[in-house]
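Peer 1: Sharing a model prediction with you, sequence too.
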Amino acid sequence: MSVIKSIQARVILDSRSDKTLEVDVWLDDGVRGRASVPAGASTGIHEAAQIKDMDQAKHNVNTLASLILGQDPSQQEQIDRTLLSTDGTEEKSALGGNVILALSLAVCDAAAQSRHLPLFKHIQELAGLKTGSRLPTPMFNIINGGKHADNSLEFQEFMIVPAADERSFREKLMIGADLFQKLRAVLHKMGHSIALGDEGGFAPRLNSNEEALEILVQTIEGANYQPGRDVTLALDIAASSIADLTPVTYPLDSNSYYKKLISTYPISSLEDPLAEEDWQGWAKLNALIGSSILIVGDDLYTTNPKRLAMGIQQKAANAIIIKPDQIGTLTETLQAVRLAERAGMTIIVSHRSGETESTFISDLAVGTGAAFIKTGAPARGERVAKYNQLLRLEEFLQENQA
């Protein structure tokens, strides 16, 4: 196996025009691995620390680079452990989770290329999961609210989800694209703005969260799909980003409100419905409606194996969002995925609102056999790049299974 010869860091822009980090890892066989780091607007308090000063971030890359030069990039866990031990903090505040992640993912990319393997296949081998590689079902965030849009919608994401049936990924993607275009026409006819939010969805100024759901049901029906059978709805409440849920759910308490919501609309998934430290509330909600829909932990878990273990013990949720930048290394990300798989939880790989054109999470989703992927609306280049990569991976799998 080749060894790491040199490492280069640079500052690039993400989809919100914020500065972020990109790292190239060069091997002595001429292979180059590359990774860039996204950023979220709505972040959990337990996410890995980020170094915002990009000059310092580049300096920290160089500090860490000297420790892994000459190492075999296929030894992912060994390299990640070196990066983690050098930082030495639980939250990665010394050197930065974004710095460590950029190196971790670039090493993975370089190793896959040097082994002449598709990236998803290399990730699959590293993960060692019972679930084989598969194409995830996309969850399209086509109405943006909360911190992702300049409107009054409290809920952060209003998603449409093609039924997770035997249809191909391409067919599911085209359903999402069709409904996205239909929604544009519906909103335009109603006199609403069709400007896009951070994740590529529309950001209309609506009167309530329920109005957004009504419009989505209307759009699905207008496109001759059956809500609840062909297409369901999913919500990211992002409760920790809402100052007070009480006015949102009034006159009901939150659990009663969510129970009523899923009985009224064809909702299949609720993400972060409660605050990230309300373990007792999560357990009660999961017991109440978790047998009917996905109760998804994002801010609750922050892709952190330790927090996930706590949640499994308390039966707080039945699904988890996986975002490598929340935890800081690929090794820890895969630890969380393994733990979730053993617990029988549904795995959803996700992007961030501030994205780069990297398609790493597409390969991560396929390599870990994730049931779903969230990477925004089928619009904006940084979102579409990930969908297009999944189309390529589907072709590859079909051709190599024939």
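Peer 2: Okay, I see it. Treat the numbers as computed from the prediction; the structure is a model and nothing was measured.

Peer 1: Sketch out the low-pLDDT regions of the chain for me.
Peer 2: Within the chain, the stretches with pLDDT under 70 are 42, 148, 402.

Peer 1: In it, mark out all the strands, start to finish.
Peer 2: Listed in chain order, the strands of the chain (DSSP state E) span 4-13, 19-27, 32-36, 137-144, 157-162, 231-236, 267-271, 294-297, 319-322, 346-350, 372-374.

Peer 1: Pull up the pairing partners for the last one, direction included.
Peer 2: Strands adjacent to strand 372-374 in the sheet, as given by DSSP bridges, are strand 137-144 (parallel), strand 346-350 (parallel).

Peer 1: Centre of the chain to the longest one, how far?
Peer 2: For strand 137-144, the separation from the chain centroid amounts to 11 Å (computed by CA atoms, centre = their mean, to the nearest Å).

Peer 1: cool, stretch 62-81 as well?
Peer 2: 26 Å.

Peer 1: measure it end to end?
Peer 2: Length of stretch 62-81, first residue to last, CA to CA, to the nearest Å: 17 Å.

Peer 1: Identify the residues contacting that stretch?
Peer 2: 1-7, 9, 25, 27, 33, 82-83, 86, 95, 99-100, 103-104, 107-108, 110-111, 114-115, 126, 329-332 (CB atoms under 8 Å, 6 or more residues apart in numbering). Placement of C-beta: from N, CA and C, glycine included.

Peer 1: Show me which positions of that stretch end up buried.
Peer 2: With burial defined by 16 or more other CB atoms under 10 Å, the residues of stretch 62-81 counted as buried are 64, 65, 68, 72, 73, 74, 76, 79, 80.

Peer 1: Spatially central residue for this structure, please.
Peer 2: residue 350 (1.0 Å; CA atoms, centre = their mean).

Peer 1: For the nearest residue to it once chain neighbours are set aside, give its distance to residue 214.
Peer 2: In space, not counting the residues next to it along the chain, residue 350 is nearest to residue 374; the distance is 4.2 Å by CB to CB, 6 or more residues apart in numbering. Residue 374 sits 23 Å away from residue 214, going by CB to CB, to the nearest Å.

Peer 1: The two: which is more packed in?
Peer 2: residue 374 (31 against 14; other CB atoms under 10 Å).

Peer 1: quick one: contacts for the more buried one?
Peer 2: Contacts of residue 374 (CB under 8 Å, 6+ apart): 138, 139, 141, 157, 159, 321, 348, 349, 350, 351.

Peer 1: Equivalent analysis for residue 145, please.
Peer 2: So residue 145 contacts 151, 153, 154, 155, 156, 157, 158, 197, 203, 209, 212 (CB under 8 Å, 6+ apart).

Peer 1: go again using 6 Å as the cut-off
Peer 2: Residue 145 sits next to 153, 155, 156 when contact means CB atoms under 6 Å, 6 or more residues apart in numbering.

Peer 1: Save the strands of the chain as a markdown table, and put in distance to residue 51 too.
Peer 2: Output for the strands of the chain, formatted as a markdown table (distance: least, CB to CB, whole Å):
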| stretch | distance to residue 51 |
| --- | --- |
| strand 4-13 | 11 |
| strand 19-27 | 8 |
| strand 32-36 | 15 |
| strand 137-144 | 28 |
| strand 157-162 | 27 |
| strand 231-236 | 27 |
| strand 267-271 | 28 |
| strand 294-297 | 26 |
| strand 319-322 | 22 |
| strand 346-350 | 22 |
| strand 372-374 | 26 |
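
Peer 1: Tell me the buried residues in stretch 109-127?
Peer 2: 109-115, 118-124, 126-127.

Peer 1: now swap in stretch 358-365 and tell me
Peer 2: For stretch 358-365, by 16+ other CB under 10 Å, it's 358, 359, 360, 361, 362, 363, 364, 365.

Peer 1: returning to that earlier point: let me have the buried residues of stretch 62-81 in CSV, extended by distance to residue 285.
Peer 2: Shown next, in CSV, are those (distance: CB to CB, whole Å):
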residue, distance to residue 285
64, 41
65, 45
68, 43
72, 46
73, 43
74, 42
76, 36
79, 39
80, 34
